[in-house]
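A.B. asks: Here you go, sequence then predicted model.
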Amino acid sequence: MDSTLSHASVSAGVSAKVTRRTVLSGVLLAGACILGLLEASVASPVPGVRLGLANIAVLVALVVLGRGQALAVSLLRVAIVGIATGSLFGPTSALAITGALASWLAMAATLGSRARFSLVGVSIAGAAAHVLAQFGTAAFITGAPGVLSFASVALVASLLFGIATGLSARFVISRLEGSTLTGR
Amino acid sequence: MTRADRLLAVGILALALAIGPVVSGALAFVPASTVMIKGPSGTTEVPLGTDASLRVTGLGGDVRVVLKSGQVRVEESSCPDHVCVRSGAISSAGQALTCIPNGVTVRIGGERDDGLDAVAR
């Protein structure tokens, strides 16, 4: 009797943990989609310059939930925002997907690296990787490497917006500590 | 910000400053007497000196390319984000404007015959 009870409470603890992770993933994905849609409606003044708001959610997922969940949030966000804006499977999706993958890769690498990057460093690495991947893909699709010369302004902007999104992510993570969502 | 952050930021700034001159330097050797307009329905070459307003049929609508006094720009496009229009005017060898949603690329300098482009792609 005792052993079954303790077993039950252990499995309840585990499933509560799984539930928390699932709920937090969903919340972050929803947040990423809303930020992505918000950003899609803001016209960028210069080609390639984007706020990268959705990256806040991906960065929070990366730190709190791990690499796999962050990748899922990032790619599902691209798919859902693509459906909502009608650009899914269009040529622009190729840019969005390579940008999202490169950004995730750069952030996962900097977060896990032995050199000590703060969240701001991780964020600017992701933002710069996003810009480079998008321009690289654009040059590849069009066969016109000349489009790469527009990357300068976008890279400088990615640095500024990367710092801003990194600070935002840090703020969100500090608020999540001790909340029921993380169970910490 | 940690030391690693600052190094990364400086690296990104250096890359941003270097990428423009490197790209234009590498492409300066492309002959720049023609404008190549590549769309979903084919490729057209126009001499750079002409003044013209061309309507190119893209994947999702029309893109209007305007050539005036040695400069080329996209004046109007059916795409949602208008990156092509905001890219402004181009005038020197190798520079390119592109409208990804419409699959239209405008580039100064035609295809090279020496096969280097094929390798670079």
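C.D. replies: Noted; the coordinates are in hand. Keep in mind that what you see is a predicted model, and the values were worked out from it rather than measured.

A.B. asks: Could you use CA atoms for every contact and neighbour count after this?
C.D. replies: Will do.

A.B. asks: State the number of residues packed around residue 102.
C.D. replies: Here I'm looking at chain A. Here the number of neighbours of A:Ala102 (other Cα atoms under 10 Å in any protein chain shown) works out to 21.

A.B. asks: other chain: chain B
C.D. replies: B:Asn102: 25 neighbours (other Cα under 10 Å).

A.B. asks: In chain B, what residue spans correspond to helices?
C.D. replies: Using DSSP state H, the helices found in chain B span residues B:3-27, B:83-86, B:116-120.

A.B. asks: Tell me who's in contact with B:Ala9.
C.D. replies: A:Gly121, A:Ile124, A:Leu159 (Cα atoms under 8 Å, 6 or more residues apart in numbering or on different chains).

A.B. asks: Walk me through the domains of chain B.
C.D. replies: Domains of chain B are assigned by automatic domain parsing as B:1-29, B:31-120.

A.B. asks: Okay, the residue nearest to the spatial centre of chain A and chain B: tell me how far apart.
C.D. replies: Centroid-nearest residue in chain A, with Cα atoms, centre = their mean: A:Val58, separated by 2.5 Å. According to Cα to the nearest Cα, to the nearest Å, A:Val58 and chain B sit 19 Å apart.

A.B. asks: Give me the phi and psi angles of the closest residue to A:Gly90 other than its chain neighbours.
C.D. replies: Excluding the flanking residues, the one nearest A:Gly90 by Cα to Cα, 6 or more residues apart in numbering or on different chains is B:Pro101, at 6.8 Å. Backbone torsions of B:Pro101, given as degrees, to the nearest 10, read phi -60, psi -30.

A.B. asks: same question, A:Thr92
C.D. replies: phi -70, psi -20.

A.B. asks: residues contacting it?
C.D. replies: Counting by Cα under 8 Å, 6+ apart, A:Thr92 has contacts B:Ile100, B:Pro101.

A.B. asks: circling back: the domains of chain B: lowest mean pLDDT?
C.D. replies: Least confident of the domains of chain B, judged by mean pLDDT, is domain B:31-120 with a mean of 84.
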